[in-house]
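Student: model this:
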Amino acid sequence: MDQHTTRRPSRLTTLMTGDLPPLDLVTVRATAHRACRERLNRPVNAEIEELTRTLRGQLNLLLIHAQLQVDRLDRGTVEWDRWQALIDQVRADLKHGSAEGPAAEAAYMEVLGRGARFLAECLER
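Tutor: Below you'll find the predicted structure:
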């Protein structure tokens, strides 16, 4: 391997060196709950912005942990396919972003909340 090729650290190496921040799944679930809970009125813009920003950060960290989980699995198995589908969906949601307007921004916040909730549940197993 030449000096310009980089290898992704193994899960064990990453956890031992502290290169990967630990997950706070309690906080992730609480944030997801706030984003997805039923409301009588649409949340105010400041809350939507705060939750969306927080969820985006949490999802990026969750995706790192989820990818490490997938890397341990045999490609093409049902479990690998499920994990990869979830990862691909969350990545697409993060890349897509929300449309303009308060209703669209609130809906996007809920999409991110559901993705965070699903990833947290899967990583907790």
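Student: rest of the way, CA atoms for contacts and neighbours
Tutor: OK.
Student: So which residues of the protein form helices?
Tutor: 11-17, 25-36, 45-71, 78-96, 102-124 (DSSP state H).
Student: Could I get the average pLDDT for the third one?
Tutor: What it means is helix 45-71. In this model, helix 45-71 has an average pLDDT of 95.
Student: got the angle for it vs helix 25-36?
Tutor: Helix 45-71 and helix 25-36 meet at an angle of 130 degrees, taking axes from the mean of the first three to the mean of the last three Cα atoms, to 10 degrees as the criterion.
Student: which parts of helix 45-71 are buried?
Tutor: 48, 51-52, 54-56, 58-59, 62-63, 65-66, 68-70 (16 or more other Cα atoms under 10 Å).
Student: just the fourth one next, same as before
Tutor: By neighbour count on 16+ other Cα under 10 Å, the buried set for helix 78-96 is 80, 83-84, 86-87, 90, 93-94.
Student: Which members of these are the farthest-apart pair?
Tutor: Spanning the widest gap among the buried residues of helix 78-96 are 80 and 94, at 21.1 Å by Cα to Cα.
Student: Once you drop chain neighbours, what's closest to the most centrally placed residue in the chain?
Tutor: With distances taken as Cα atoms, centre = their mean, residue 59 lies nearest the centre of the chain, 2.5 Å away. Among residues not flanking residue 59 along the chain, residue 116 sits closest, at 5.9 Å (Cα to Cα, 6 or more residues apart in numbering).
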